[in-house]
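Peer 1: I'll drop the sequence and a predicted model, then ask my questions.
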Amino acid sequence: MPARFEGAYAYARVCGSLARSYLGDRAAALAAQARVGEVWRGVFGDAPPALPESELADAAERAVRARPAEAFLDIGGALAAEDPFFAALLRKREQAYLKRVLSAIAEGSGEMPAAEDPGFKPGFDAAAFPDLDRMLRRSRYRWIAERGIEDLPAIKNGIDKQYYSELWAAAGEIPKTRAGSLRELLRLEVELENLSWGLRLRRYYAMGAEVIAPLLTALPGVDVVQPTLDALRKRADVRSDWASWRWERLVPDARKEDGGDWYFDVRGFEAAAHRFLARRLRLRLHMEGETYVPLYAYFRIKEFEAEAIQGIIEGIKLEVPPGEIASYAVDTTGGGE
């Protein structure tokens, strides 16, 4: 039985935590740091480990990746650990770890990848590594053992689909008074993920719609695939094709350097979609304080924060101009409150 839900208390804790998070202008300020150790001190509030800069960067990125789940469990308490929806939400870190394990098996590694969070316990038998069948046959990932991992990209794509399928199903079991607009937000998230994924595959891998369609995430009862298929029918170098499109507001007005012809900037679209979703999450969490929405939005926003901080660390390593790092951090976190 999930713990008692006290919406107002959870909402207050979410707001307090987000006020201290590296979002918008605070993310931009963090991006101004010149060394990874300074980022570590700013994010974690203590002195960084005595490691060479490259090793410190790796350690910082691992620690940052663990932050969304840690923060969520701290804010949500027993409910976050026990409720089926939040268990499904947190399963993203389990699946990220599973992908690393499967890659190690495919590469013939004799060493089990270490979990980045020492307190994390996966829902499969990691001790059976590298025996795929023993690892997965009693888990929700038994289908991977049955299919094998010869086509590892397809397996990883299936894991991503499974995440949203299980999350969508769990959201459908939440009483309406607690669910609020959870399913609306999930539908929006998946639709935008499909669009970014499909447009990226066309742009960078020259894939056609018939190849891309099976790779998209579908949800029962709503159509989150057709918008991507419609977008793939539009020409990437004809601006008028995108006029009056449902997501035209997210289409950046990029131009080629060699003559000024317009083209569809996939990366710009992804950044705009990220900003749009982050802002929608912040709006809904403030409007639905008595529901599960603030906790769900909190986890997603903390994921955006972690992604931004990792980007800051990577930018420092690569000596990217601070202004570009700051712009990326703001885009990734959706801007300020």
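Peer 2: That came through, no problem.
Peer 1: all helices for the stretch 51-200 of the chain, in order.
Peer 2: 53-82, 84-106, 132-136, 142-147, 152-172, 176-179, 182-205 (DSSP state H, counting those that start in this stretch).
Peer 1: tell me what the fifth one is packed against?
Peer 2: Using 3 or more C-beta pairs under 8 Å, 6 or more residues apart in numbering; DSSP states H and E as the contact criterion, the neighbours of helix 152-172 among helices and strands are helix 84-106, helix 142-147, helix 182-205. The C-beta positions use only the backbone N, C-alpha and C, and glycine is treated the same way.
Peer 1: Any buried residues in the second one, and which?
Peer 2: In other words, helix 142-147. Buried residues in helix 142-147, counted by 16 or more other C-beta atoms under 10 Å: 144-145.
Peer 1: can you give me how far that helix is from the chain middle?
Peer 2: Counting by C-alpha atoms, centre = their mean, to the nearest Å, helix 142-147 is centred 25 Å from the centre of its parent chain.
Peer 1: The most centrally placed residue in the chain: what's it in contact with?
Peer 2: By C-alpha atoms, centre = their mean, the chain has its centre lying nearest to residue 303, at 5.9 Å. By C-beta atoms under 8 Å, 6 or more residues apart in numbering, residue 303 lies in contact with 68, 92.
Peer 1: now do the same end-to-end measure for stretch 140-155.
Peer 2: Stretch 140-155 has an end-to-end distance of 14 Å (C-alpha to C-alpha, to the nearest Å).
Peer 1: for the record, mean pLDDT for it?
Peer 2: Taken as a whole, stretch 140-155 has a mean pLDDT of 97.
Peer 1: And for stretch 25-39?
Peer 2: What stretch 25-39 shows for mean pLDDT is 90.
Peer 1: Kindly report the same for stretch 307-321.
Peer 2: The model assigns stretch 307-321 a mean pLDDT of 92.
Peer 1: Any buried residues in that stretch, and which?
Peer 2: By neighbour count on 16+ other C-beta under 10 Å, the buried set for stretch 307-321 is 307-313, 315-316.
Peer 1: cool, stretch 236-247 as well?
Peer 2: 236, 239, 242, 247.
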